[in-house]
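> make a model of this:
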Amino acid sequence: MDDLHRHMIDAIPNLRRYARALKGNADAADDLVQDCLSRAMGRLHLFTPGTNMRAWLFSILHNQHVNNIRRSARQPDRQALESIPESAQSSPGQQEARLELQDIGAALDTLPAEQKQVILLIGLEGMRYAEAAEILGVPIGTVMSRLNRGREQLRHLTSGPNSFGLRRVK
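Numbering: from 1, shown residues only. Next up, the predicted model:
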């Protein structure tokens with residue numbers, strides 16, 4: 001197996017985690033990752049050797065996600081999997097950590113998409129600002145601004161009592 005395919009395989013767990021955070025549904029996230037990898041395999045000849053394979057794959061995944069949102073907006077008569085309540089998808093966990101993650105997830109879902117994407121790429125995936133900027137197609141300053149506004153909003157939503165019913169995150 002050559003290095004390009006190895007780098008693609010190594011990126012799958014990170015792609016799945018980011019897709020799950022974007023979609024909120026494991027099956028929809030796996031479909032998104034599969035679409036991403038299929039597209040990447042078909043366009044592997046367009047990858048520039050020596051550049052960041054992970055960033056290239058995240059760009060494909062991000063663009064595929066945006067295209068899916070646009071497509072579903074044009075076809076409102078179909079019910080998206082994300083619109084099915086989580087309670088109908090699985091039974092909730094009983095651990096405190098699970099509840100805190102749900103609170104953070106609920107707070108993330110209230111953020112504008114631009115802020116949520118930056119927080120997920122930098123906070124969850126540990127990417128550098130330059131990588132996130134490349135993936136999202138925006139300047140680094142925009143990434144820093146979105147990250148700052150998103151973090152501030154998350155702090156506000158997860159500290160103290162508020163109208164979202166979120167528990168205090170430690």
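> which element follows the helix or strand of the chain at the bottom of the mean pLDDT ranking toward the C-terminus?
Counting by mean pLDDT, DSSP states H and E, the chain has its least confident helix or strand at helix 86-89, which shows a mean of 57. Next along the chain after helix 86-89, taking DSSP states H and E as the criterion, comes helix 96-110.
> that following helix - what's its average pLDDT?
In this model, helix 96-110 has a mean pLDDT of 77.
> likewise for stretch 156-170?
On average, stretch 156-170 scores 56.
> my guess is L22 contacts D31, does it?
No - counting by C-beta atoms under 8 Å, L22 does not reach D31; the two are 11.8 Å apart. No exception for glycine: its C-beta is placed from N, CA and C like everyone else's.
> the more surrounded of those two?
L22 (23 against 16; other C-beta atoms under 10 Å).
> that one and A29, how far apart?
To A29, L22 is 7 Å away according to C-beta to C-beta, to the nearest Å.
> same thing with Q117?
14 Å.
> now N52: phi and psi?
phi -80, psi 100 (degrees, to the nearest 10).
> and what of the one 5 residues further on?
Geometry field for L57 lists phi and psi as phi -70, psi -40, criterion degrees, to the nearest 10.
> how many neighbours does it have?
Neighbours of L57 (other C-beta under 10 Å): 24.
> I figured it hits I9, correct?
No - contact status for L57 versus I9: not in contact, 10.7 Å apart, counting by C-beta under 8 Å.
> ok, now which ones touch I119?
108, 111, 147, 150-151, 154 (C-beta atoms under 8 Å, 6 or more residues apart in numbering).
> buried residues in stretch 18-35, which are they?
18-25, 28-29, 31-33, 35 (16 or more other C-beta atoms under 10 Å).
> in JSON lines, list those residues along with distance to A130, pLDDT and secondary structure.
Shown next, in JSON lines, are the buried residues of stretch 18-35 (distance: C-beta to C-beta, whole Å; pLDDT from 0 to 100; DSSP: H, G, I helix; E, B strand; the rest coil):
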{"residue": "Y18", "distance to A130": "17", "pLDDT": "91", "secondary structure": "helix"}
{"residue": "A19", "distance to A130": "22", "pLDDT": "92", "secondary structure": "helix"}
{"residue": "R20", "distance to A130": "24", "pLDDT": "91", "secondary structure": "helix"}
{"residue": "A21", "distance to A130": "21", "pLDDT": "88", "secondary structure": "helix"}
{"residue": "L22", "distance to A130": "21", "pLDDT": "87", "secondary structure": "helix"}
{"residue": "K23", "distance to A130": "26", "pLDDT": "87", "secondary structure": "helix"}
{"residue": "G24", "distance to A130": "28", "pLDDT": "84", "secondary structure": "coil"}
{"residue": "N25", "distance to A130": "30", "pLDDT": "87", "secondary structure": "coil"}
{"residue": "A28", "distance to A130": "29", "pLDDT": "91", "secondary structure": "helix"}
{"residue": "A29", "distance to A130": "25", "pLDDT": "91", "secondary structure": "helix"}
{"residue": "D31", "distance to A130": "29", "pLDDT": "93", "secondary structure": "helix"}
{"residue": "L32", "distance to A130": "24", "pLDDT": "93", "secondary structure": "helix"}
{"residue": "V33", "distance to A130": "23", "pLDDT": "94", "secondary structure": "helix"}
{"residue": "D35", "distance to A130": "26", "pLDDT": "93", "secondary structure": "helix"}
